[in-house]
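Participant: Predicted model and sequence below, questions to follow.
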Amino acid sequence: MSNTLFIAGLGGRIFNCTLRALVNQGALTQLKGVSASGVKDLTETSEKLEHDSTHLFFPLDVYSRGLEEGEKISDGHFGYLVFQDRGSVLDGSTPEFRYDLPVFAAAVPSTLPLAKLGVDVAIDATGKFLTKEKAQHFLDAGAKKVIMSAPAKDDTPLVVFGINDEADNGLPIVSRASCTTTCAAPIVKALSLVYGMPKNIFLNTTHAVTNSQLSLDGNAHKFANGFGCMDNIVVTDTGATKSLQRMFPEIENTFGISCRVPVTDGSILSLVMEFDEAKQTKELNKENVLEALLSFEAIRPLNLRISHRKTMVSTYVIGRGIGSIVAPNQIEVLGKNVHVVAGYDNEYGYSFLLAMSALKAPLPS
C-alpha cells in the first residue's frame with residue numbers, strides 16, 4: 001500500500017512537477033491535500049498547472065472551486081483544485097475520473113489538519129523548512145514523516161531514492177538532496193561497485209535557470225543570482241559537492257561549480273572521478289566503465305539510463321522521469337580518472353523520483 005501524501009508549496013516549480021509526476025504514476029488520489037503560505041487565487045493557480053510553459057499541458061483538466069456548505073475541513077481551508085480526465089468537456093459526458101483536492105493556507109505548517117486528513121508523508125516543496133526543527137511543524141500537525149525537497153541545512157540524512165535507501169529505516173525527517181545530486185549519485189554508485197568509491201570528484205553542472213535568479217540585474221539573496229539570467233552564464237557553487245560527500249563519506253574531496261545558462265529546463269553534468277588503483281577489480285577503461293553503468297541501469301532504470309543518442313543535448317532530457325541519462329559516446333578515461341557526461345531534467349526528473357520515494361518511504365514505527 002502506498003503512503004498518503006501532502007505537499008506544501010502550492011504553485012512552485014517542484015510542487016507543480018511533483019503533482020504532475022503523481023498523476024503520471026497513477027497515484028494522484030494518494031495526495032490528500034496541498035498548501036500555500038497564504039490564500040491564493042485558485043483560478044490562476046489551476047490555469048498555470050494546466051498549461052506549463054516548459055512542460056506544456058497537464059495530463060488532466062484542472063479547475064478550481066470554492067467551498068460549499070459543510071465542506072470546510074479546518075481553519076485555512078479555502079477551496080479545491082479539481083482534476084478530471086480529458087475529453088469530458090468536449091462531448092458533455094460525465095468524466096470517468098474526477099478528484100477534488102483540498103487546498104489550505106498556512107504560514108506555519110503546524111496549523112495544517114494533517115492528522116484529520118490521514119497524511120503519512122508531508123513533502124516540503126517550499127524550501128523554507130530545511131532543518132529538523134523547522135520540519136517538525138509538519139509532524140506536530142499530524143504527519144508521520146517529512147521529506148525535504150532540497151538539501152538540508154543541518155545533519156538531516158540525505159537519501160536519494162534507489163541509491164542509498166538503507167540510510168532511511170523509517171526516520172521521521174529526511175532530505176531528498178538536489179537534482180544535481182540525483183544525477184551524479186547513480187554514476188558514482190555504479191562505478192564504485194567495480195572500482196571502489198572515488199577518492200576525488202570534480203563536477204560541473206551546466207544548469208538551467210531557476211526562480212532564485214533575477215530576470216534583470218538587481219539584488220538577489222546570492223550575489224551571482226542578481227545578474228539577469230537570460231543575458232548571462234552565471235558561475236555559482238553547487239550543493240551537490242557537499243551532498244555527495246555526506247552520502248558517500250569514503251570520498252576524500254569533492255569540488256564543483258554550477259554554470260547557470262539561459263534555458264528554462266534541462267541540465268547537463270560533467271563528472272570527473274579519480275579512483276584508487278588498489279580498489280579496482282577490473283581494468284579502468286571506457287568499455288568497462290560503460291559495462292558497469294549498463295549493469296547498474298539493469299537494476300535501477302529510474303536512476304540511471306544509457307542514452308542511444310550520439311551526444312547529450314538539454315532538450316532531450318526534458319520530461320524524462322529519470323535521475324541521470326548518460327551519453328555513452330562522451331565517456332572518457334585517462335589514467336585513474338573517468339569523465340562522464342549526463343543529462344537530467346532538473347525539474348521533472350527530480351520530482352518524479354521525489355514523488356515515488358514519498359509513496360514508498362518507510363514510516364517510523
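Facilitator: Arrived safely, thanks for sending.

Participant: which phi and psi does Asp41 have?
Facilitator: phi -80, psi 100 (degrees, to the nearest 10).

Participant: Quick one: residues contacting it.
Facilitator: Not one residue lies near Asp41 by C-beta atoms under 8 Å, 6 or more residues apart in numbering. In this view, the C-beta of every residue, glycine as well, is placed from N, C-alpha and C.

Participant: tell me which residues of the longest helix along the chain are tucked away?
Facilitator: As assigned by DSSP state H, the longest helix anywhere in the chain is helix 179-195. Neighbour-count burial for helix 179-195, counted by 16 or more other C-beta atoms under 10 Å, picks out 179-192, 194-195.

Participant: counting contacts, what elements does that helix pack onto?
Facilitator: In terms of contacts (3 or more C-beta pairs under 8 Å, 6 or more residues apart in numbering; DSSP states H and E), helix 179-195 is packed against strand 200-208, helix 240-247, strand 267-274, helix 286-299, strand 304-306, strand 324-326, strand 337-344, helix 348-360.

Participant: Out of those, flag the one nearest Val317.
Facilitator: Closest approach to Val317 among those is made by strand 337-344 (4.0 Å; C-beta to C-beta).

Participant: and that closest one, how far out from the chain's middle?
Facilitator: Centre-to-centre, strand 337-344 and its host chain are 20 Å apart (C-alpha atoms, centre = their mean, to the nearest Å).

Participant: how about low-confidence regions in the protein?
Facilitator: Applying pLDDT under 70 to the chain flags residues 86-95.

Participant: what about dumping the CA coordinates of the longest helix of the chain to PDB?
Facilitator: Output of helix 179-195 as PDB, limited to C-alpha atoms (Å, rounded to 0.1, in the frame of the first residue of the first chain):
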ATOM      1  CA  CYS A 179      18.500  17.500  -8.700                       C
ATOM      2  CA  THR A 180      22.300  17.600  -9.400                       C
ATOM      3  CA  THR A 181      23.000  15.100  -6.600                       C
ATOM      4  CA  THR A 182      20.200  12.800  -8.000                       C
ATOM      5  CA  CYS A 183      22.100  12.900 -11.400                       C
ATOM      6  CA  ALA A 184      25.600  12.400 -10.000                       C
ATOM      7  CA  ALA A 185      24.900   9.800  -7.300                       C
ATOM      8  CA  PRO A 186      23.800   6.900  -9.600                       C
ATOM      9  CA  ILE A 187      27.000   7.300 -11.600                       C
ATOM     10  CA  VAL A 188      29.200   7.300  -8.500                       C
ATOM     11  CA  LYS A 189      27.300   4.400  -7.000                       C
ATOM     12  CA  ALA A 190      27.500   2.300 -10.200                       C
ATOM     13  CA  LEU A 191      31.300   2.700 -10.700                       C
ATOM     14  CA  SER A 192      32.000   2.200  -7.000                       C
ATOM     15  CA  LEU A 193      30.700  -1.300  -7.300                       C
ATOM     16  CA  VAL A 194      33.600  -2.100  -9.700                       C
ATOM     17  CA  TYR A 195      36.300   0.400  -8.900                       C
END
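
Participant: between that helix and helix 240-247, how many degrees?
Facilitator: Here helix 179-195 runs at an angle of 50 degrees relative to helix 240-247 (axes from the mean of the first three to the mean of the last three C-alpha atoms, to 10 degrees).
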